[in-house]
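J.: A predicted structure for the sequence below; I have some questions about it.
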Amino acid sequence: MNRQYCLTLELHDDDELIKLYETYHKAGNVWPEVITSIEESGIENMSIFRMNAQLIMVIEVNETFSFEDKAKSDLNNTKVQEWERLMETFQKTDNVDTKKSKWQLMDKIFSLTEHKNQ
């Protein structure tokens, strides 16, 4: 059974940087190695939404996915690391513990499916 997670991250509040960040994420612009890394980790779907400088990422993962394994795999992938360094130029990461992901996991507080299954 697939699981769903929601993560958040803040961009620098600069219209030109935000526009360029969105260009990097348009279909066909994300580097193939990054897409492969996402798919091989067990992430079956990923969407990123933006309101002003705040991003929300929703991921649907299969039973093989773990945040720890994804982080380890990313550290060993030079193209993913290069992509991450590039994306950091757009992201506010000043207050993030470098041992943690830049993207912060959000708590789920409501699920219609869970209500229906009670």
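T.: Everything's here; your move. Numbers count the residues shown, from 1 in each chain.
J.: Assess the claim that residue 91 and residue 12 are in contact.
T.: Yes. Contact criterion CB atoms under 8 Å: residue 91 and residue 12 qualify, at 7.3 Å. Any C-beta I mention is one placed from the backbone N, CA and C, and that applies to glycine too.
J.: Neighbour count: those two, which is higher?
T.: Set side by side, residue 91 and residue 12 show more neighbours around residue 91, with 19 against 14, by other CB atoms under 10 Å.
J.: burial of residue 42, as a residue count?
T.: With other CB under 10 Å as criterion, residue 42 counts 18.
J.: Quick one: residues contacting it.
T.: Applying CB atoms under 8 Å, 6 or more residues apart in numbering, we find residue 42 in contact with 61-66, 70.
J.: So the nearest residue to it once chain neighbours are set aside: helix, strand or coil?
T.: Using CB to CB, 6 or more residues apart in numbering and skipping the chain neighbours, the partner closest in space to residue 42 is residue 65 (3.1 Å). Following DSSP: H, G, I helix; E, B strand; the rest coil, the label given to residue 65 is coil.
J.: Could you give the number of residues near residue 65?
T.: 17.
J.: Report the separation between it and residue 40.
T.: For residue 65, the distance to residue 40 (CB to CB, to the nearest Å) stands at 10 Å.
J.: And residue 73, how close does it get to residue 43?
T.: Distance from residue 73 to residue 43, by CB to CB: 11 Å.
J.: These two - which one has more neighbours?
T.: residue 43 (17 against 13).
J.: and the next element down the chain from the helix or strand residue 17 falls within?
T.: Per DSSP states H and E: residue 17 is located in helix 15-25. Counting by DSSP H and E, the element after helix 15-25 in chain order, helix or strand, is helix 32-40.
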